[in-house]
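**Q** Next input, structure requested:
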Amino acid sequence: GRSCGAAPAGAAPHDRPADAKAEVDRLYEQAEKATQEYDAADERAGKLRKELAETQDEVARGQQRINRMRQALGMVAGAQYRSGGIDPSLTLMLSSDPDGYLDRIGTLERISARQADDLTDLQRAQRRLAQRRAEARHTLADLESARKAVARHKRTVEAKLAKARRVLAAMPTDERAAYERASRGGERPDLSGVGPASSARAAMALAAAQSAIGKPYVWGADGPSAFDCSGLMQWSYGKAGVSLPRTSQAQRVAGRRVPLSEARPGDLVTYGSDAHHVAMYVGNGQVIHAPYPGARVRYDPVGMMPVNSVTRV
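**A** Have a look, this model is predicted:
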């Protein structure tokens, strides 16, 4: 799944207990982990829906083909029945053209051989159709399971966020104001002298991510007006013609691992032991990311949380 929990740094004074802030940060992180799970389930449901539609189309086409084959076989069988209604020896005696009759018998035998082939084709088509129908049933069962997972993760995210809002609302006004200031993030950092991106497509993805600065974080969103952490990465690379997977965990392995010391603009930086958050490196020790609910897409220091890995797409 994809969780994008980047808790705001320094949101409460350090000279007194900040239990409420810690609780909100923890709830946001849990919500983000559930968001990643939601994204994974949602992506799977989307693929299954497409697969089911394709299988159902194929089943419908297969049924039409079988109907046509049955019809053709029925016509041949009917013709044979009508022509074969008289005993062949009697027909030969009655025929004023025995040679022509023998020719016709040969034709009927050839029709029978072709009919046998057609019958084999029909049986093969029926077996294939039965197999595709069974596949459609399995896909439908998988889709139901994925839908349930989507709903379950959605409930988890919403419960965590509702609890975080309650904790925030109960904070003293000054602490809440400090937290909200931290949520707004800083100004654009100094990016002068930043080296080149790792590739032309990484440069295009970085430009896309920068164009999203100030857009709101919305869990489950993948642009263009709102994003969660992995949604922003997928959308940005999509603008560069690169199809990234949906979750931060899958994005972590969607390219080549490089050391943090060698990070270049456009590289993906994942955070936490479970890679539940992802950002894009911009250079000079800064990243762009969609941080957490209530915050907007912004720049932050690359070391804002423990780095899991750096991936070059």
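**Q** Okay, and Ser309 sits in which element?
**A** Secondary structure here is read from DSSP states H and E; on that basis Ser309 sits in strand 307-312.
**Q** And Ser225, by the same measure?
**A** Following DSSP H and E, one finds Ser225 outside all helices and strands.
**Q** Quick check: the gap between it and Tyr281.
**A** In this view, Ser225 and Tyr281 are 24 Å apart by CB to CB, to the nearest Å. Quick note: C-beta positions are derived from backbone N, CA and C, even for glycine.
**Q** Please apply the same query to Arg133.
**A** The gap separating Arg133 from Tyr281 is 49 Å, by CB to CB.
**Q** more crowded one of those two?
**A** Residue environment comparison for Arg133 versus Tyr281 gives the larger neighbour count to Tyr281, 27 against 15, counting by other CB atoms under 10 Å.
**Q** who touches Pro245 in this structure?
**A** Contact partners of Pro245, counting by CB atoms under 8 Å, 6 or more residues apart in numbering, are 43, 234, 251, 254.
**Q** Sitting in helices, which of these do you find?
**A** Among the contacts of Pro245, DSSP state H puts 43, 234, 251 in helices.
**Q** Tabulate the residues you listed (JSON lines), appending distance to Glu144 and neighbour count.
**A** Formatted as JSON lines, those follow (distance: CB to CB, whole Å; neighbours: other CB atoms under 10 Å):
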{"residue": "Glu43", "distance to Glu144": "16", "neighbour count": "20"}
{"residue": "Gln234", "distance to Glu144": "26", "neighbour count": "28"}
{"residue": "Gln251", "distance to Glu144": "27", "neighbour count": "23"}
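**Q** and the helix or strand containing Glu175, what does it pack onto?
**A** Counting by DSSP H and E, the element that carries Glu175 is helix 173-184. Counting contacts by 3 or more CB pairs under 8 Å, 6 or more residues apart in numbering; DSSP states H and E, helix 173-184 is packed against helix 19-83, helix 98-170.
**Q** Now those in JSON lines, please, with extra columns for distance to Arg201.
**A** Converted to JSON lines, the helices and strands packed on helix 173-184 look like this (distance: least, CB to CB, whole Å):
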{"stretch": "helix 19-83", "distance to Arg201": "22"}
{"stretch": "helix 98-170", "distance to Arg201": "31"}
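**Q** Glu180 is nearest to which of those helices?
**A** Smallest distance to Glu180 across the helices and strands packed on helix 173-184 (CB to CB): 8.5 Å, for helix 98-170.
**Q** Which residues outside the strand holding Ser309 are in contact with it?
**A** 198, 202, 251-260, 262-264, 266-273, 275, 281.
**Q** What strands flank that strand, and is each parallel or antiparallel?
**A** In its sheet, strand 307-312 lies beside strand 256-258 (antiparallel), strand 268-271 (antiparallel), with partners assigned from DSSP bridges.
**Q** Most tightly packed of those strands?
**A** strand 268-271 (a mean of 26; mean count of other CB atoms under 10 Å).
**Q** any idea of the mean pLDDT for it?
**A** The pLDDT scores in strand 268-271 average 97.
**Q** Ok, stretch 61-73 next?
**A** What stretch 61-73 shows for mean pLDDT is 86.
**Q** coming back round to it: between the helices and strands packed on helix 173-184, which one is nearest to Ala182?
**A** Relative to Ala182, the nearest member of those by CB to CB is helix 19-83, separated by 9.1 Å.
**Q** elements contacting that closest one?
**A** helix 98-170, helix 173-184, helix 229-239, helix 248-252.
**Q** Figure out which of these is closest to Ser211.
**A** Checking the helices and strands packed on helix 19-83 against Ser211 by CB to CB gives helix 229-239 as the closest, at 8.4 Å.
**Q** List the buried residues in the closest one.
**A** Within helix 229-239, the residues that qualify as buried by neighbour count (16 or more other CB atoms under 10 Å) are 229-239.
**Q** I'd like the residues you listed as JSON lines, with pLDDT and distance to Ala22 appended.
**A** Output for those, formatted as JSON lines (pLDDT from 0 to 100; distance: CB to CB, whole Å):
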{"residue": "Cys229", "pLDDT": "95", "distance to Ala22": "21"}
{"residue": "Ser230", "pLDDT": "96", "distance to Ala22": "25"}
{"residue": "Gly231", "pLDDT": "96", "distance to Ala22": "26"}
{"residue": "Leu232", "pLDDT": "97", "distance to Ala22": "26"}
{"residue": "Met233", "pLDDT": "98", "distance to Ala22": "27"}
{"residue": "Gln234", "pLDDT": "98", "distance to Ala22": "30"}
{"residue": "Trp235", "pLDDT": "98", "distance to Ala22": "31"}
{"residue": "Ser236", "pLDDT": "98", "distance to Ala22": "31"}
{"residue": "Tyr237", "pLDDT": "98", "distance to Ala22": "34"}
{"residue": "Gly238", "pLDDT": "97", "distance to Ala22": "36"}
{"residue": "Lys239", "pLDDT": "97", "distance to Ala22": "37"}
